[in-house]
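Chemist: only geometry, no sequence info:
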């Protein structure tokens, strides 16, 4: 009994895009179908080893491609796990498995870029509708419990139909009825070209069945017949057209990571990466390692040039697949590498793990822990090599720098290595902004009397550059690092030191003490007693204290404690309003504003105290608690000056 069902809303949107919009690089539909077939074979291979219900199945992996050039029909079939009716609905009709919503949210409107995202989001099957007016999926789940086969049919218009059908073997066959202007894909040479380009290193054999035309000498020995009956028949020596069906393997079906490095070219790695990750960009780098000894394993890791779409999502997908003796085990274990290296793509293939290892106990496995530790060091070493090329490293750090910083609080073993890889913006004493400054280069350029590496933390780089605190360090000739990434407020205060040199928040009282006490003589202090009193009365609990300073260019500066600044930033990132943490207000005794305020009435001084404080808060955080009051004071000041 057939069932007609409607696609989920997001799938309808996706299909509409596939059919009408994403026309760049249509050939990737075949890459996606072959990749899905390979995944189905991987899953069955694992089950025939680990699950009693599947051990009676003889695993004979193959992917078969057939076509009818005249009718414009193309089929991709596999001998993999197959699907039952429920899985057909889950995988092809709803959002449950496809990542469709994430894909739709990530679309930019650029057809070329958007079509390149298809495989990365697990929506590769739907790319079939870029070239096909109708798609038929015939599938049968492996195992005795699922003997009924089903067909899934859709023209991509909003509905699909599922019908019980006959299929002799387990696996899935996808048949595309190509659109008139896409029938060139039902061609031997086009198919061969696409498979060689994208799927050469798929670890299972891909076969293409085609019809070859040959011309043979006629065996007709009859003499020439000129009668009416003899007209049109082959003459002696004529060629006879013979059509012959042939099946040819298109790929080498070797796991590239098992091939010795000296037998592989740079291009082999790059093409494998594109097929493996569905990323059309070339990787920045790759690390191919074979280890023998107490442990025997092979790893092949790639560092992408573009961040995966889910890099900063809690539900990110692991980019590393685990194999045991070339048998696929899992691609959803987030413990194969540290979380901060989740952008790395690749393969771990162990010779020592048992083939039927439970996915649930992988996290506690000592063999895997050793592989993880060694792999982490290898990857960090390769990132350090990338850093020797400033342009490549800029690309890497722009994409993955924030993720790398997470390792400072999660990977104590490699903390020093990670610190060496970090890069920062900085402001020198002349006010010049520098980018990509390493802690090593900062330390090498430190003044002799400088005691610490200084940094400012904030939410906005432009606000940090305008901070009055920088003026104090500029007078000493000290450079200050500007940290405006969200994660900085969490990880940097916990770093403590680099190469035995302390790291300190430049706005903290502890760091400011290292600059030396302001040399304010008693006469100046006496002159400012009234102003200090009025500022304290006006600002009350808004501030902790009022101090005098002679090393500012701005009229005032706010100085706080490092721990308080860290906690405030963290709370803002979590969407919470941080508790009030009063700061010390420093007054620039040399500024003309205070020269004019010395003889002013208390009311005017207090009004100016509010305005100056609000201006300092704006420079620090970019926002005020009471914008209305600030506006009123500004309006009043304008009105008075116009009068």
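Modeler: Cool, the structure landed. Bear in mind the structure is a predicted one, so any value in this text is a computation, not a measurement.
Chemist: contacts and neighbour counts: CA atoms only from here.
Modeler: OK.
Chemist: Was I right to think residue 306 contacts residue 281?
Modeler: Yes. Applying C-alpha atoms under 8 Å as the test, residue 306 and residue 281 come out as touching, 7.4 Å apart.
Chemist: Per-residue pLDDT of residue 405, please?
Modeler: As predicted, residue 405 sits at a pLDDT of 94.
Chemist: Count the neighbours of it for me.
Modeler: For residue 405, the count of nearby residues is 23 (other C-alpha atoms under 10 Å).
Chemist: what about residue 306 and residue 281, which has more around it?
Modeler: Taking neighbours as other C-alpha under 10 Å, residue 306 and residue 281 compare with residue 306 leading, 18 against 14.
Chemist: helix/strand/coil for the more buried one?
Modeler: coil (DSSP: H, G, I helix; E, B strand; the rest coil).
Chemist: which ones are touching it?
Modeler: Residues near residue 306 by C-alpha atoms under 8 Å, 6 or more residues apart in numbering: 281, 399.
Chemist: Next up, phi/psi of it, please.
Modeler: Main-chain dihedrals, residue 306, degrees, to the nearest 10: phi -130, psi 130.
Chemist: how near is it to residue 277?
Modeler: Using C-alpha to C-alpha, to the nearest Å, residue 306 is found at 11 Å from residue 277.
Chemist: and if you look at residue 287?
Modeler: Distance of residue 287 to residue 277, computed by C-alpha to C-alpha: 16 Å.
Chemist: can you confirm residue 302 is in a strand?
Modeler: Yes. Counting by three-state DSSP, residue 302 is part of a strand.
Chemist: Number of residues surrounding the nearest residue to it once chain neighbours are set aside?
Modeler: What sits nearest to residue 302 in space, not counting adjacent residues and going by C-alpha to C-alpha, 6 or more residues apart in numbering, is residue 286, at 4.3 Å. Here the count is done by other C-alpha under 10 Å, and residue 286 has 21 residues near it.
Chemist: Next up, the contacts around residue 286.
Modeler: Going by C-alpha under 8 Å, 6+ apart, residue 286 touches 269, 300, 301, 302, 303.
Chemist: and the nearest residue to the second one once chain neighbours are set aside, which of the three is it?
Modeler: Spelled out, it's residue 300. Spatial nearest neighbour of residue 300, chain neighbours left out: residue 288 (4.4 Å); criterion: C-alpha to C-alpha, 6+ apart. Look at residue 288: counting by three-state DSSP, its state is strand.
Chemist: roughly how far apart are residue 288 and residue 427?
Modeler: Using C-alpha to C-alpha, residue 288 is found at 40 Å from residue 427.
Chemist: who's more crowded, the two?
Modeler: A direct count of neighbours by other C-alpha under 10 Å for residue 288 and residue 427 places residue 427 higher, at 21 against 18.
Chemist: Hmm, that one is touching residue 434, no?
Modeler: Yes. Between residue 427 and residue 434 there is a contact at 6.4 Å, judged by C-alpha under 8 Å.
Chemist: so where do the strands sit in the stretch 501-643 of the chain?
Modeler: Listed in chain order, the strands of the stretch 501-643 of the chain (DSSP state E, counting those that start in this stretch) span 501-505, 543-549, 556-559, 583-588.
Chemist: what pLDDT, on average, does stretch 140-157 get?
Modeler: 88.
Chemist: doesn't residue 151 fall inside a strand?
Modeler: Yes. According to three-state DSSP, residue 151 belongs to a strand.
Chemist: isn't it right up against residue 171?
Modeler: No. Residue 151 lies out of contact with residue 171 (C-alpha under 8 Å); the separation is 12.0 Å.
Chemist: Kindly point out which residues are neighbours of both of these two.
Modeler: residue 139.
Chemist: Give me the distance between the residue sitting nearest the centre point of the chain and residue 318.
Modeler: Nearest to the geometric centre of the chain sits residue 308, at 2.2 Å (C-alpha atoms, centre = their mean). Residue 308 is 10 Å from residue 318, where distance means C-alpha to C-alpha.
Chemist: Likewise for residue 289?
Modeler: 20 Å.
Chemist: Who has more neighbours out of the two?
Modeler: Neighbour totals were compared for residue 289 and residue 318, and residue 318 leads with 23 against 17 (other C-alpha under 10 Å).
Chemist: Residue ranges in the stretch 251-400 of the chain under the pLDDT threshold?
Modeler: Within the stretch 251-400 of the chain, the segments meeting pLDDT under 70 span 356-361, 363.
Chemist: What segments of it are helices?
Modeler: Along the stretch 251-400 of the chain, counting by DSSP state H, counting those that start in this stretch, helices occupy 266-277, 366-386, 390-405.
Chemist: by contact count, what packs against the second one?
Modeler: Packing partners of helix 366-386 (3 or more C-alpha pairs under 8 Å, 6 or more residues apart in numbering; DSSP states H and E): strand 285-291, helix 415-421.
Chemist: In JSON lines, list those along with distance to residue 344.
Modeler: Listed next are these as JSON lines, based on distance: least, C-alpha to C-alpha, whole Å:
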{"stretch": "strand 285-291", "distance to residue 344": "10"}
{"stretch": "helix 415-421", "distance to residue 344": "15"}
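Chemist: Tell me which of the ones you listed sits nearest to residue 504.
Modeler: Counting by C-alpha to C-alpha, residue 504 lies closest to helix 415-421 out of the helices and strands packed on helix 366-386; the figure is 15.0 Å.
Chemist: Quick one: mean pLDDT for that closest one?
Modeler: Mean pLDDT, helix 415-421: 96.
Chemist: Check which residues of that helix are buried.
Modeler: Buried residues in helix 415-421, counted by 16 or more other C-alpha atoms under 10 Å: 415, 417, 418, 419, 420, 421.
Chemist: so what's the third one up against?
Modeler: Pointing back at residue 418 there. Counting by C-alpha under 8 Å, 6+ apart, residue 418 makes contact with 380, 404, 405, 407, 408.
Chemist: What about those residues, which one has the most neighbours?
Modeler: Top of these by neighbour number is residue 405, holding 23 neighbours under the definition other C-alpha under 10 Å.
Chemist: Relative to residue 464, how far out is it?
Modeler: On the measure of C-alpha to C-alpha, residue 405 and residue 464 end up 20 Å apart.
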